[in-house]
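>>> next come a sequence and a model predicted from it.
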Amino acid sequence: MQRTNIYLTDEQRAALAARAAAERTSAAELVRRLIDQALLGPNDDLTDDLAAIEASFGVLRENDLDIDVDRADGQRGLHLRRISQL
């Protein structure tokens, strides 16, 4: 891997920083991914899909979402109640 310097506008730098923070990755890693997508096309590699799924775990825990779930609907309700106890 080699170091490369680029010039970004203030808006580009802010957008890059915000997206990198949202994806919990470095700006450099995000730039590499975006360049790969632009130059090589979308990556159908299962590894990238699994990494995205892994990165998404726990995201909702950080937000104070008040979701009211009706769990009184038969077998599905029993299953959801069991899961909520984990």
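Noted; the coordinates are in hand.

>>> how much space separates residue 86 from residue 54?
According to C-beta to C-beta, to the nearest Å, residue 86 stands 19 Å off from residue 54. Backbone N, C-alpha and C define where each C-beta goes, glycine included.

>>> and the two? Which one has more around it.
residue 54 (8 against 4; other C-beta atoms under 10 Å).

>>> next, that one: secondary structure please.
Secondary structure assignment for residue 54 (DSSP: H, G, I helix; E, B strand; the rest coil): helix.

>>> can you check the pLDDT for residue 16?
Residue 16 carries a pLDDT value of 94.

>>> same check, this time on residue 64
59.

>>> please apply the same query to residue 9.
95.

>>> low-confidence regions, this protein specifically.
Within the chain, the ranges that satisfy pLDDT under 70 run 42-44, 58-73.

>>> now do the helices in it.
10-22, 27-40, 46-56, 75-84 (DSSP state H).

>>> in stretch 3-22, which residues are buried?
Across stretch 3-22, burial judged by 16 or more other C-beta atoms under 10 Å covers 16, 20.

>>> contact partners of it?
Outside stretch 3-22, the residues within contact range by C-beta atoms under 8 Å, 6 or more residues apart in numbering are 26-27, 29-31.
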